[in-house]
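Asker: how would this look folded up:
(chains A and B)
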Amino acid sequence: MKTKKTAYPYLLWMLLFTIVPIGMVIYYAFTDEQGNFTFEMFVNASDYSQVFLYSLWIALISTFICLVLAYPLSFMISRCEEHKQSMIIMFIMVPMWMNFLLRIYAWVLILQNYGPLDTMLNFLGIDITLIGNSGATILGMVYEFLPFMILPIHTVMSKIDNSLIEAAQDLGANKFYVFKNVIFPLSVPGIISGITMVFVPTASTFLVAQYLGGTQFMIGDVIERVFQSDHHTGSAIALVLMVVILGFLVFMNRFGDEEAVGV
Amino acid sequence: MDKKVIVSLRDIFFDYGNEVILNGINLDIYDKEFITLLGPSGCGKTTTLRIIGGFIEPKSGDVFFDSQRINELPPHKRNVNTVFQKYALFPHLNVYDNIAFGLRLKKMSKAEIENKVKHMLAIVDLKGYEKRKINNLSGGQQQRVAIARALVCDPDVVLLDEPLGALDLKLRKDMQIELKKIQQKTKKTFVYVTHDQEEALTMSDRVVVMNNGVIAQIGTPTDIYNEPANAFVADFIGEANIINGVMLDDCRVSILGQELKCVDKGFPKNSPVDVVIRPEDIEVVDPTQSVLVGTVEDTIFKGVHYEMSVKCNKCQWIIHSTVAQKVGDTIGMTVSPDNIHIMPKMFLLPNNEIFTTVLYSDEEANTITISIEDNEIEVPDCYYEEGTKLHIILPPTGLHIAGDGVGDLDEVYIESVIWKGEHNEIILESDERKWLMQSDQDEQVATYVPVSFDFSKATFEVIEGEGEADEN
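Answerer: Sure, this is the predicted structure:
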């Protein structure tokens, strides 16, 4: 009974800051300015379907790049001695001690025309625009969210019992098969949570594309802009995004349950 | 009978950091035998097994398999399979897939794999468990899956690393018999590692008793029990009364001031020895008919026999007999000469000898400082001039384990602890040498402890002349 009572503040918190705001978003999404029930806002929202698909596409690519970068790295880290592991993990975390915006702004300085990188490439005779395109947005996303891919994969991998690897070798598996038949299947739960932790924020984030992507805004930026003038349409777009992400989470969890037996 | 040697270890040496794990292991393992590596924790038995399995390479020495040197051969290329201590079953696979793991890597056809797995499941008595998840199995069932997974690959040698350690007593006994049956049925060489002497005696064709990285004795279970090679083996295998004695002459030994007849020969006259007498070999007789007379202190009913504790000349004896004696009674004890086992001392000298030079001396405080293995140690209540070479004789009672954690020597390894009737005889190993210590307390073998010296019990002797006394 005691535990129930101590839970009340958290329940109140959830009610005030999760349930009520979501309720408000749903209410605004389904009403017009006069407060009448309508689907019109979703029709308005469909104007942004291009940006919406673009955002999901950018999120997908960023997540994929994060996975490709993080997986081998996590594997290598998990094979290190324990004190080295915690040190490497700390170095991965260090940039996150700085504000998100500052880090993006740092990229703007690096990538901008006549910035250090651009000057260097010009000097080498390569003349390309580094900023103001999808590539720069993806770079920013990957930079921001890579640690969220590394940490869960590393956690799962470092928990794989060394005797399982020895058992596989003992049964005739060379390094490739040890990886394919033991390490990879056992690391799937880490991959699942890594993908979730990167895809969800990259799909909904804003400001990164505003700073690095030029005119190619992402859906998070659109919601921000629209909200400033029209709460109802903004809510409708936000609601659609929420439903899509929810669907994605359900899908990933089901996939994870099938793969991650007993871990 | 000429038996084929399948695995052969030659002069295997292995260390980890500063610690010597294996020191000169020589062992031949015969085809189709059940051989057990037995010893206390830290004796190197698991390391030996891992060297045969290929998980670690010896620092020096050779491993031969079927006369081929295989030191560098990785585990997956060895026709050896291991049953791991905590089974190491793959949690993401079911019972069938766990067992089929090795066969699939051998690129066998599906039908063949199914055939073999089914057959193996029948052998380990797990028919119908194919689709079960590993985490839903009991300890005993997981154990059998692990054995099936190793055996199904048809290895020449099966390595088992304390496979029954996690099971409860009843299940362990059943599995012992089952394992032995499986070994006989499949006609494989089993190399089994355990610290449980009873397990080793029950299952093995041959037992290898290990202690401190060396082999103490190799023999059949009967040999090892009846003719232990030294006091360590006698103490480790079964119960034994181990008493300090002096070999007076061939077939004549003196213990507790009494002369007894024995059958051992070839020891130097008047050399100190360990005398081992099994509790069941002692016969209770009338006090008038024996030279060994003692008082019964305790009688415990053990089912088949009574275990009695008898005090005789300050020494505690354990006797097993089907007839109970009353506590407080005086009894006589006789042992037939062939049941008195004489073995050479593990620590050759009766005392610890230290050769050292006085580093500093303080006349006022009446102390000197000497160096033992680069530790500066202050010796109170004695005075010699700086630079004097000393020969110090420290009796076993002059050493003790520093209870407060700060000793004269900080990290000393406890190599063996043997109860000698009235006290424990402990052999310690520091960086450069061994020490003999006497203690009333029981200490944990294979651990590191700080040790302090009590020089009030020591005798000092000045060595005259230059250069004679090197530091020992």
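Asker: can you list contacts of the lengthiest helix in chain B?
Answerer: For chain B, the longest helix by residue count, based on DSSP state H, is helix B:169-186. For helix B:169-186, the external contacting residues (C-beta atoms under 8 Å, 6 or more residues apart in numbering or on different chains) are B:34, B:123-125, B:139-140, B:143, B:147, B:151, B:158, B:160, B:163-164, B:167, B:190, B:192, B:199, B:202-203. C-betas here are computed from N, CA, C, even on glycine.
Asker: now stretch B:154-163 - C-alpha only, CSV.
Answerer: Output of stretch B:154-163 as CSV, limited to C-alpha atoms (Å, rounded to 0.1, in the frame of the first residue of the first chain):
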residue,chain,number,x,y,z
ASP,B,154,31.8,-37.1,-32.2
PRO,B,155,35.0,-35.7,-30.7
ASP,B,156,38.0,-37.9,-29.8
VAL,B,157,38.2,-36.3,-26.4
VAL,B,158,35.4,-34.7,-24.2
LEU,B,159,36.5,-32.1,-21.7
LEU,B,160,34.3,-31.6,-18.7
ASP,B,161,34.9,-28.6,-16.4
GLU,B,162,33.3,-29.2,-13.1
PRO,B,163,30.0,-30.0,-14.9
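Asker: end to end on stretch B:436-453, go ahead and measure it.
Answerer: In stretch B:436-453, first residue to last residue: 12 Å (C-alpha to C-alpha, to the nearest Å).
Asker: list the buried ones in that stretch?
Answerer: For stretch B:436-453, a neighbour-count test (16 or more other C-beta atoms under 10 Å in any protein chain shown) marks B:436-439, B:445-446, B:449-453 as buried.
Asker: how is chain B partitioned into domains?
Answerer: For chain B, automatic domain parsing gives the domain ranges B:5-231, B:232-344, B:352-462.
Asker: sorry, back to before: with pLDDT, distance to chain A and secondary structure added, can I get the buried residues of stretch B:436-453 in a markdown table?
Answerer: What follows is the buried residues of stretch B:436-453, written out as a markdown table (pLDDT from 0 to 100; distance: C-beta to the nearest C-beta, whole Å; DSSP: H, G, I helix; E, B strand; the rest coil):
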| residue | pLDDT | distance to chain A | secondary structure |
| --- | --- | --- | --- |
| B:436 | 88 | 39 | strand |
| B:437 | 88 | 36 | strand |
| B:438 | 87 | 41 | strand |
| B:439 | 86 | 37 | strand |
| B:445 | 78 | 26 | coil |
| B:446 | 75 | 22 | coil |
| B:449 | 87 | 27 | strand |
| B:450 | 89 | 26 | strand |
| B:451 | 89 | 30 | strand |
| B:452 | 87 | 33 | strand |
| B:453 | 87 | 36 | strand |
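Asker: and the furthest pair within those residues?
Answerer: B:446 and B:453 (22.5 Å; C-beta to C-beta).
Asker: which residue ranges form the helices in the chain?
Answerer: By default, I'm working from chain A. Under DSSP H, chain A gives helices at A:2-14, A:20-29, A:40-45, A:49-78, A:82-93, A:100-111, A:116-123, A:134-158, A:162-170, A:175-178, A:184-204, A:208-212, A:219-229, A:231-259.
Asker: should've been chain B
Answerer: Counting by DSSP H, one finds helices in chain B at the ranges B:45-53, B:95-105, B:110-123, B:139-151, B:169-186, B:197-203, B:221-226, B:231-236.
Asker: mean neighbour count for these - can I get that in TSV?
Answerer: Formatted as TSV, these follow (neighbours: other C-beta atoms under 10 Å in any protein chain shown):
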stretch	mean neighbour count
helix B:45-53	23
helix B:95-105	23
helix B:110-123	15
helix B:139-151	24
helix B:169-186	16
helix B:197-203	19
helix B:221-226	17
helix B:231-236	25
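Asker: quick one: residue A:167 and residue B:84, what's the gap?
Answerer: As judged by C-beta to C-beta, to the nearest Å, residue A:167 and residue B:84 stand 6 Å apart.
Asker: more crowded one of the two?
Answerer: Neighbour count, other C-beta atoms under 10 Å in any protein chain shown: between residue A:167 and residue B:84, residue A:167 has more, with 28 against 22.
Asker: surely that one meets residue B:82?
Answerer: Yes. Judged on C-beta atoms under 8 Å, residue A:167 makes contact with residue B:82 at a distance of 7.2 Å.
Asker: tell me which residue in the stretch 151-300 of chain B sits closest to chain A.
Answerer: residue B:153 (6.3 Å; C-beta to the nearest C-beta).
Asker: residues touching that residue, list them.
Answerer: By C-beta under 8 Å, 6+ apart, residue B:153 lies in contact with A:171-172, B:81, B:102-103, B:106.
Asker: quick one on the thing from earlier: to residue B:48, which of the helices of chain A lies closest?
Answerer: Here helix A:162-170 is closest among these (C-beta to C-beta), at 15.7 Å.
Asker: check which residues of the closest one are buried.
Answerer: By neighbour count on 16+ other C-beta under 10 Å, the buried set for helix A:162-170 is A:163-170.
Asker: list of residues touching that helix?
Answerer: Helix A:162-170 has contacts (C-beta under 8 Å, 6+ apart) with A:177-178, A:181-183, A:186, B:53-55, B:74-76, B:80-82, B:84-86, B:88-90, B:101, B:150.
Asker: that one to helix B:95-105, inter-axis angle?
Answerer: Helix A:162-170 runs at 50 degrees relative to helix B:95-105, counting by axes from the mean of the first three to the mean of the last three C-alpha atoms, to 10 degrees.
Asker: now do helix A:162-170: distance to the chain's middle.
Answerer: With C-alpha atoms, centre = their mean, to the nearest Å as the basis, helix A:162-170 stands 34 Å off its chain's centre.
Asker: so where do the strands sit in the stretch 251-400 of chain B?
Answerer: B:252-255, B:258-261, B:271-277, B:282-285, B:292-301, B:306-312, B:315-321, B:330-335, B:341-344, B:352-362, B:367-372, B:375-379, B:389-394, B:399-401 (DSSP state E, counting those that start in this stretch).
Asker: spit out the contact partners of residue B:261.
Answerer: Applying C-beta under 8 Å, 6+ apart, the residues near residue B:261 are B:251-252, B:337, B:340.
Asker: where does chain A have low pLDDT?
Answerer: A:1-3, A:256-263 (pLDDT under 70).
Asker: the same query, at a cut-off of 50, please.
Answerer: Applying pLDDT under 50 to chain A picks out residues A:260-263.
Asker: name the residues linked to residue B:315 by a beta bridge.
Answerer: On the basis of DSSP bridges, residue B:315 is bridged to residue B:312.
Asker: could you report the pLDDT at it?
Answerer: Residue B:315 carries a pLDDT value of 82.
Asker: any idea how far residue A:66 is from the residue sitting nearest the centre point of chain A?
Answerer: The centre of chain A sits closest to residue A:198, judged by C-alpha atoms, centre = their mean, with a distance of 2.0 Å. Here residue A:198 is placed at a distance of 5 Å from residue A:66 (C-beta to C-beta).
Asker: joint contacts of those two?
Answerer: Counting by C-beta under 8 Å, 6+ apart, the common neighbours of residue A:198 and residue A:66 are A:145, A:148-149.
Asker: in CSV: the helices of chain B, plus mean pLDDT and distance to residue B:290.
Answerer: As requested, the helices of chain B are exported to CSV (pLDDT from 0 to 100; distance: least, C-beta to C-beta, whole Å):
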stretch, mean pLDDT, distance to residue B:290
helix B:45-53, 93, 41
helix B:95-105, 93, 61
helix B:110-123, 91, 55
helix B:139-151, 90, 49
helix B:169-186, 87, 38
helix B:197-203, 90, 30
helix B:221-226, 90, 23
helix B:231-236, 87, 23
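Asker: can you redo these as CSV with distance to residue B:389?
Answerer: Shown next, in CSV, are the helices of chain B (distance: least, C-beta to C-beta, whole Å):
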stretch, distance to residue B:389
helix B:45-53, 41
helix B:95-105, 65
helix B:110-123, 70
helix B:139-151, 60
helix B:169-186, 58
helix B:197-203, 47
helix B:221-226, 46
helix B:231-236, 34
